[in-house]
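> the following comprises the amino acid sequence and a computationally predicted model.
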Amino acid sequence: MKRLDEAPRSEAHRENNNWERENHSDTSHNKSPLLADPWKPCRQSRGFVKEWLLKLRCFLGTVCRIEWYGYAALGILTAILSFLMDLSVTKLLRAHQWLYMKLEGNSLLQFFCWTLYPSCLCAVASSFSHHICPFSTGSGIPEVRTMVAGIEMPHYLSLTNMFTKFLGLICTLAAGSTLFLGKVGPFVHLSTMVGSYLSNLCTLIQANKEEKAAGEMLVVAAAVGVASCFGAPISGVLFSVEVMSSHFSLKNYFPCFFSVACGALTFRLFSVWSGDGETLQALFKTNFPTALPFFPLEILLFALLGLLCGAVSRCYLFCHRWILQFTKTNPVLLKILTTEKGLYSGMVVFLLASLTFPHSAGQYMASKYTMKQLLTSLLDSRQWLSQSHNASVQLESEPLLEWSSSGSPIYFSLAVFLLMKLWMLVLACTLPLPAGYFMPVFIYGAAIGRLLGEGVAYVSFTGVTSDQQWASINPGGYALAGAAAFSGAVTHTLSPALLALELTGQFSHAVPILLATLLANALTCSGHCPSFYDALSISKRLPHLPSLIKACPRLPSTPVGQVLRAKAVQLQKAAGPVEVQQAVNTSAEIQIPVVDSHESQILLGFVLRSELLMFLQYCKTETMEKHLDEVCCIHPSSALLSPHSTVQEAHSMLSLVGAQTLFVTDRGRLVGLISWPEMKRILEDLAKEI
């Protein structure tokens, strides 16, 4: 009997101890939020650290808002990533050059070294991207533009994508001028990934947890990406305004300049500390004459250069759109690009490397130069023609030695470079690996300007002109203007004009460079010709409305009533708990419309989803059943759409007003609603029709 009595008593005692333990933990948690559960170690130490972190957050909040620290961290972290990438690429390029020079005397081994090294790197980059994160291939700027416009694409901002794109881009850049691809586009994408996580961190540590605009940090990060690549803060902000944002908000103006200043300063300081420069100076050193940089009559030649760059850019964009369409429709290429991306990249890069082998056609294209060395040589202010007639000067001129290594005239080498690199760059754009396309077209434009400048110098050198002032013409100025004009025409922007000035510090050529860029843009934009990034967006069927307008101007004028789906979930003002519960389970919208009655369909406003959940909780605790309008606040709709409103008008209202949901009404009667997910579906359906 005693044992039978002790059993329930021991069980009751055990339950009592458990209840006391739970009650003690609950009271201790309510008593001190800084202390964690009792079973966790170092309670006092962790509580002390958390307390000081709270004090630090309060102190930092008193100086300025938390997001400003995020902007500074974004610029600094992006600059560090850019410096580490450049350092890694430099080491890989020097290793390739060292191995190639060690095989001097054996042309066959040098050929395999020249071709297999970049082929293996690009094959690894494509395979790595294909198996780890397929979203990491390409430029990334079309996707970032779509996200800045308001469309959510979370896969493009993941940590896996950032890691894959970073390593893949290093392999791509280590292929050198053989592949002739750049860094800007993927690095802008990397910067937006860093900005996205910093934005989430700032929201997490903010005391008031206030809502922030979805694309604010992405717009700032896009500007920081350009500034951290070149150390050019002003053109980085202008690039973000022109390329990334359909509607640039003035509230992003100061954050953009603050963040790009931090990024550009950090990037240039790392260059100084690594020994690449003595002080904070332009990335590409030039020695243009400052007393008389150009003559007044040369303005006509710069205008001619702009028209020439515009015509060549139209040809390049046509070839680019054709190759994109060909890769999407050809069944053989489509199958290879789907399953064997590494094999395709290796084969294409092997072909390009074979053509640029220094002992073959590469001797006419200065193939031994890296991308930076190519641009530096093209911006040389000395006339290569006059140097070629002076043996002592020729031996000292490194740019002239490489461009004339075959013994052929300078004009022949530049012409071969322009003809070969045009179709080679178009072919390289089909490679499924992380790559940028801005720097190649910038260098290509510099070659166009250099060819024109050397031609003008030749005319003046042979004595065709009687005026002696033409003897001191500067071909480097034409190369700089050509680089800005051609890259601006390809991207349909003016920011390359300012970028050219910031890269070289030659503000004396601001007027001719701007004139050439304007004329090139005017010629290229005529006839609704899509830009390079617009063509990529159209090819990938991205829901980016400005790109769709370039492809089909009549497409955005589609009435909203034709593309709306079935009527949205709605509530009447006298709805009870059962109807509210059904609406909450059926719809995932944040704002649910409220009508006068299901018969009249007159829109009264909307109620938030969080308030509906509180209404259901209230109905569970109260005995008397209440109606929706008696408990919840019905918010009036500030902006409404008509079924006859166009898709472009709906997109502009979502972007400018910042609303999550727009209701479509016909004479006060609710017809449907448009949110960002619904707008994404509409744009994707419209893109399929192109």
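Happy to help now that I have it. Note that this is a predicted model, so its numbers are computed, not measured.
> not counting its neighbours along the chain, what's nearest Leu379?
Counting by C-beta to C-beta, 6 or more residues apart in numbering, Leu379 lies nearest to Gly476, which is 4.8 Å off, once chain neighbours are set aside. The C-beta positions use only the backbone N, C-alpha and C, and glycine is treated the same way.
> so that neighbour is in contact with Ala457, correct?
No - Gly476 is beyond contact range of Ala457, at 10.8 Å (criterion: C-beta atoms under 8 Å).
> who's more crowded, those two?
Between Gly476 and Ala457, counting by other C-beta atoms under 10 Å, Gly476 is the more crowded of the two (26 against 23).
> for Leu419, see how far away the more buried one is.
Counting by C-beta to C-beta, to the nearest Å, the gap between Gly476 and Leu419 amounts to 22 Å.
> ditto for Met679
Counting by C-beta to C-beta, the gap from Met679 to Leu419 is 44 Å.
> and what of Ala73?
Distance from Ala73 to Leu419, by C-beta to C-beta: 46 Å.
> give the residue spans of the stretch 201-350 of the chain that score low on pLDDT.
206-215, 275-283, 291 (pLDDT under 70).
> recalculate using a threshold of 80.
Scanning the stretch 201-350 of the chain for pLDDT under 80 picks out 203-216, 245-250, 271-295.
> now the helices for it?
Assigned helices in the stretch 201-350 of the chain, in chain order: 216-230, 233-239, 253-273, 298-329, 331-339, 341-355 (criterion: DSSP state H, counting those that start in this stretch).
> tell me which of those sits most buried.
Most buried of the helices of the stretch 201-350 of the chain, by mean neighbour count (mean count of other C-beta atoms under 10 Å): helix 216-230, with a mean of 29.
> would you map the strands across this structure?
Taking DSSP state E, the strands of the chain run over residues 571-572, 591-595, 603-608, 640-641, 661-666, 669-675.
> so between Met679 and Leu419, which is more surrounded?
Taking other C-beta under 10 Å, Met679 and Leu419 do not tie; Met679 has more neighbours (22 against 12).
> who are the contact partners of the more buried one?
Gly150, Ile151, Pro543, Ala650, His651, Leu654 (C-beta atoms under 8 Å, 6 or more residues apart in numbering).
> are any of the residues you listed buried, and if so which?
Using 16 or more other C-beta atoms under 10 Å as the burial test, these include Gly150, Ile151, Pro543, Ala650, His651, Leu654 as buried.
> can I get the strands of the chain in TSV with mean neighbour count, distance to Ala484 and mean pLDDT?
Converted to TSV, the strands of the chain look like this (neighbours: other C-beta atoms under 10 Å; distance: least, C-beta to C-beta, whole Å; pLDDT from 0 to 100):
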stretch	mean neighbour count	distance to Ala484	mean pLDDT
strand 571-572	22	57	86
strand 591-595	22	47	86
strand 603-608	20	49	86
strand 640-641	19	42	85
strand 661-666	20	41	85
strand 669-675	21	40	85
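> as a markdown table, the buried ones among the contacts of Met679 with pLDDT would be great.
Shown next, in a markdown table, are those (pLDDT from 0 to 100):
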| residue | pLDDT |
| --- | --- |
| Gly150 | 77 |
| Ile151 | 82 |
| Pro543 | 84 |
| Ala650 | 85 |
| His651 | 83 |
| Leu654 | 81 |
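> among these, which lie within helices?
The members of these that map onto helices under DSSP state H are Ala650, His651, Leu654.
> ok, the last one - contacts?
Shown here is Leu654, whose contacts under the criterion C-beta under 8 Å, 6+ apart are Gly150, Leu662, Ile674, Trp676, Met679.
> mind putting the residues you listed into JSON lines with distance to Ser246?
Below are the contacts of Leu654 laid out as JSON lines (distance: C-beta to C-beta, whole Å):
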{"residue": "Gly150", "distance to Ser246": "9"}
{"residue": "Leu662", "distance to Ser246": "17"}
{"residue": "Ile674", "distance to Ser246": "17"}
{"residue": "Trp676", "distance to Ser246": "14"}
{"residue": "Met679", "distance to Ser246": "13"}
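> nearest to Ala361 among those residues?
Checking those against Ala361 with C-beta to C-beta, the nearest one is Gly150 at 47.6 Å.
> setting the sequence-adjacent residues aside, check what's closest to the closest one.
Distance criterion C-beta to C-beta, 6+ apart; nearest residue to Gly150, sequence neighbours excluded, is Trp676 at 5.3 Å.
> for Ser652, same thing?
Closest to Ser652 by C-beta to C-beta, 6+ apart is His247, at 7.5 Å.
> next one: Ala223
Ala223 sits nearest to Ser240 (C-beta to C-beta, 6+ apart), 3.8 Å away.
> how close does that neighbour sit to His131?
33 Å.
> cool, and Val459?
56 Å.
> again, but for Thr376
Relative to His131, and taking C-beta to C-beta, Thr376 is found at 37 Å.
> more neighbours, those two?
Between Thr376 and His131, counted using other C-beta under 10 Å, the more crowded position is Thr376 (19 against 11).
> wait, doesn't the more buried one sit right on Phe284?
Yes - contact status for Thr376 versus Phe284: in contact at 5.8 Å, counting by C-beta under 8 Å.
> mind listing what the spatially closest residue to Pro512 that is not a sequence neighbour touches?
Using C-beta to C-beta, 6+ apart and skipping the chain neighbours, the partner closest in space to Pro512 is Phe302 (3.8 Å). Neighbour list for Phe302: Phe294, Tyr478, Ala481, Pro512, Ile513, Leu515, Ala516 [criterion: C-beta under 8 Å, 6+ apart].
> with just CA atoms, put stretch 500-508 into CSV.
Written as CSV, here are the backbone C-alpha positions of stretch 500-508 (Å, rounded to 0.1, in the frame of the first residue of the first chain):
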residue,chain,number,x,y,z
ALA,A,500,36.1,58.7,-69.5
LEU,A,501,36.9,62.0,-67.9
GLU,A,502,37.1,60.5,-64.4
LEU,A,503,39.2,57.6,-65.5
THR,A,504,41.9,59.8,-67.1
GLY,A,505,41.4,63.2,-65.4
GLN,A,506,41.4,64.9,-68.8
PHE,A,507,38.6,67.4,-68.3
SER,A,508,40.1,69.6,-71.0
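> and the pLDDT for the nearest residue to Val563 once chain neighbours are set aside?
When the adjacent residues along the chain are set aside, Val563 lies closest to Ile682, with 4.8 Å between them (C-beta to C-beta, 6+ apart). Note on Ile682: pLDDT of 83.
> show me the contacts for Ile682.
Taking C-beta under 8 Å, 6+ apart, one finds Pro543, Val563, Val647, Ile674 in contact with Ile682.
> cool, and Phe187?
Per C-beta under 8 Å, 6+ apart, neighbours of Phe187: Thr78, Leu81, Ser82, Met85, Leu169, Gly225, Ser228, Cys229, Gly436.
> I'd like these as a markdown table, with distance to Leu604 appended.
Output for the contacts of Phe187, formatted as a markdown table (distance: C-beta to C-beta, whole Å):
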| residue | distance to Leu604 |
| --- | --- |
| Thr78 | 48 |
| Leu81 | 51 |
| Ser82 | 53 |
| Met85 | 56 |
| Leu169 | 53 |
| Gly225 | 46 |
| Ser228 | 50 |
| Cys229 | 52 |
| Gly436 | 52 |
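> now, which of those residues sits nearest Ala520?
Gly436 (20.4 Å).
> burial measure for the closest one, as a count.
23.
> my read is that it contacts Leu190, right?
No - taking contacts as C-beta under 8 Å, Gly436 lies outside contact range of Leu190: 10.9 Å.
> overlap in contacts of the two?
Residues touching both Gly436 and Leu190 by C-beta under 8 Å, 6+ apart: Leu169.
> tell me where the stretch 351-500 of the chain has helices.
Ranges of helices within the stretch 351-500 of the chain are 371-378, 384-388, 391-396, 398-403, 410-428, 438-461, 475-491, 495-504, based on DSSP H, counting those that start in this stretch.
> may I have stretch 317-327 as CSV, with CA atoms only?
What follows is stretch 317-327, C-alpha atoms only, in CSV (Å, rounded to 0.1, in the frame of the first residue of the first chain):
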residue,chain,number,x,y,z
LEU,A,317,23.8,45.8,-81.6
PHE,A,318,22.2,44.1,-84.7
CYS,A,319,24.8,41.3,-84.6
HIS,A,320,24.3,40.9,-80.9
ARG,A,321,20.5,40.6,-81.2
TRP,A,322,20.9,38.1,-84.0
ILE,A,323,23.3,35.9,-82.1
LEU,A,324,21.0,35.9,-79.1
GLN,A,325,18.0,34.9,-81.3
PHE,A,326,20.1,32.3,-83.0
THR,A,327,21.1,30.7,-79.7
